[in-house]
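> Using only what follows, build the 3D model:
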Amino acid sequence: MEINSRRKYLLSQEKVSKALILLSVPSIIAMLTTAIYNFVDTLFVSMLKSTAMIAAVTVSFPLVMIMSAIGQGIGIGAGSLISRQLGKKDYSSVERSVFTGMLMAVFFSALGMALLIGNLSTILPWFGATPDALDYSVRYAMWMIIGMSGIILNMTMNNILRAEGDVKFPMFAIMLGALLNIILDPIFMFDWGLNLGLEGAAIATIVSQYISTTVLVLRLTGKDTVVRWKITRWLFDIKIAYEIFALGIALFFRQALVSFSMMFINSAAANYGTNLVAAIGLAMRTMMIINYILIGYAQGFQPFAGFNYGAKNFDRLKQSLDLSIRWSTIFLTAMTAILVLFARPIMGIFTESEEVIYYGSRMFYAICLALPFMGFYQIHMVLFQSLGKAKEAFILSVARQGIFFLPMILILPRLFAYNGILAAQPAADLLTVLLTAWFSIRLKKEFEF
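Numbering: from 1, shown residues only. Next up, the predicted model:
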């Protein structure tokens with residue numbers, strides 16, 4: 001079965017700007033829905049009037065990011081491969097890639113749960129769980145680990161479906177899960193419902209995730225698309241698994257290093273008390289709205305870039321790259337202005353603690369130093385994955401949160417106390433942008449852009 005003709009026209013012939021908008025808007029809506037859910041979820045937790053509970057969600061979040069990293073790594077690796085196979089009309093390889101990617105998702109879900117579920121009380125203090133927040137952290141994280149397979153499978157299937165230009169159904173599935181989560185949160189948490197408190201927020205999340213998983217499995221096992229998961233046929237291909245791994249490991253490390261950077265920043269902040277840990281968590285949850293919009297756009301850009309690279313339509317590839325960098329930079333500059341002007345009112349939505357508001361506002365100011373330039377980095381990151389350039393993608397992945405951030409978070413707090421904690425991420429971001437610029441220059445010479 002060939003790729004749907006409408007989607008093929010969108011990828012290969014539609015005006016570049018229109019194609020990017022049509023591909024990215026559903027992904028942006030889906031990711032924005034998820035970001036708003038996270039924002040509202042944190043708001044519900046804040047209604048429990050406990051800074052320790054907010055801190056518990058903060059220190060548990062890196063584990064959720066690791067789960068997402070596994071799903072995103074497999075999904076992006078498989079999606080990049082599939083989009084290029086579709087561009088080459090190699091449909092038999094597409095079937096093997098889908099099966100192989102899904103089998104990898106199932107395997108790593110089971111492995112992750114086995115490794116984490118019994119060790120939370122040991123692991124979470126590494127992520128900055130202070131003594132007064134540890135019990136809350138363990139209880140919250142335990143339920144999130146139980147829902148691990150839903151998170152990983154959802155991320156994988158969403159990216160596989162986007163590989164053929166189907167962005168609407170992944171949008172529907174993500175929005176369904178996020179909206180269910182918002183509805184179920186108060187029902188599970190508060191005394192007029194099931195009265196499960198903080199744990200209710202986690203249980204509501206995993207119930208919603210598994211409903212989304214069921215919907216996505218039904219879509220991916222349907223018969224009306226070339227991107228199909230044929231569960232009853234053994235189509236595992238070790239070479240394809242290696243290529244998915246080689247491409248996906250870059251994004252996995254990038255996402256996993258985000259988790260480890262959260263661990264280090266929370267651990268450093270714990271030396272100054274629960275209020276700083278909670279403030280950083282609130283600021284980062286709010287930043288997810290901006291980051292998820294950018295990621296949503298990049299998810300729309302990825303199949304377009306991969307398809308046109310596979311089809312050798314390099315002019316369309318260049319146009320899409322130039323437009324994407326321009327649009328993302330304008331967007332992030334506008335968001336920077338909003339965060340600088342309204343930092344304190346935004347923090348005030350979550351808490352009345354003046355200390356938490358103060359620390360959170362300063363975190364916003366620090367992040368904004370590099371924020372306008374991060375679209376340039378994100379778009380190039382996805383571009384290298386789409387082109388199958390695993391080495392460059394991997395280096396950029398580990399550079400931001402690994403090569404640059406880890407030395408910053410270890411050195412700057414020693415020199416500038418808590419201000420060093422706040423400055424570590426923007427310092428790492430600016431260095432990463434410089435590295436991305438160097439890779440970009442090399443790429444333009446290769447393709448004569």
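
> State the three-state secondary structure for the residue of the chain most remote from its centre.
For the chain, the largest distance from the centre (Cα atoms, centre = their mean) belongs to W192, which lies 33.5 Å off. Assigned state for W192: coil (three-state reduction, DSSP: H, G, I helix; E, B strand; the rest coil).

> May I have the phi/psi pair for it?
phi -80, psi -10 (degrees, to the nearest 10).

> Just give me how far the helix or strand hosting R326 sits from the chain centre.
R326 is part of helix 314-348 when elements are defined by DSSP states H and E. A distance of 17 Å separates the centroid of the chain from that of helix 314-348, by Cα atoms, centre = their mean, to the nearest Å.

> Could you identify the helix or strand that succeeds it?
In N-to-C order, the element after helix 314-348 by DSSP H and E is helix 354-367.

> And the next helix or strand past that next one?
helix 374-386.

> Show residues contacting that following helix.
76-77, 80, 83-84, 247, 250-251, 254, 294-295, 298-299, 301-303, 305-306, 309, 321, 324-325, 327-329, 331-332, 392-393, 396-397, 400, 429, 432-433, 436-437, 439-440, 443 (Cβ atoms under 8 Å, 6 or more residues apart in numbering). All C-beta spots, glycine's among them, are computed from the backbone N, C-alpha and C.

> Mean confidence (pLDDT) on that helix, please.
Averaged over helix 374-386, pLDDT sits at 89.

> From A417, how far out is the residue nearest to G75 when sequence neighbours are not counted?
Excluding its sequence neighbours, the residue lying closest to G75 (Cβ to Cβ, 6 or more residues apart in numbering) is N159, at 2.9 Å. Plainly put, N159 is 41 Å away from A417 if you go by Cβ to Cβ, to the nearest Å.

> neighbour-wise, which of the two wins?
N159 (28 against 13; other Cβ atoms under 10 Å).

> surely that one meets A78?
Yes - the criterion here is Cβ atoms under 8 Å, and N159 meets it with A78 at 6.8 Å.

> Endpoint to endpoint, stretch 122-134 covers what distance?
Length of stretch 122-134, first residue to last, Cα to Cα, to the nearest Å: 10 Å.

> Mind listing what's buried along stretch 306-321?
Neighbour counts over stretch 306-321 (16 or more other Cβ atoms under 10 Å) mark 306-311, 313, 316-321 as buried.

> And for stretch 98-117?
Buried-residue list, stretch 98-117, by 16+ other Cβ under 10 Å: 98-105, 108-109, 112-113, 116.

> Give me the distance from it to the chain's centre.
18 Å.

> contact partners of that stretch?
Under Cβ under 8 Å, 6+ apart, the answer for stretch 98-117 is 63, 66-67, 70-71, 74-75, 77-78, 82, 123, 142, 145-146, 148-149, 152-153, 156-157, 160, 220, 227-230, 233-237, 240-241, 244-245.

> Buried subset of the residues you listed as a ChimeraX selection?
Per 16+ other Cβ under 10 Å, the buried members of the contacts of stretch 98-117 correspond to this ChimeraX selection:
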select :63,66,67,70,71,74,75,77,78,82,123,142,145,148,149,152,153,156,157,160,220,227,228,229,235,240,241,244,245
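
> Go through the contacts of stretch 98-117 and flag which are in strands.
For the contacts of stretch 98-117, not one is inside strands, with DSSP state E as the criterion.

> out of the contacts of stretch 98-117, which are inside helices?
63, 66-67, 70-71, 74-75, 77-78, 82, 123, 142, 145-146, 148-149, 152-153, 156-157, 160, 220, 240-241, 244-245 (DSSP state H).
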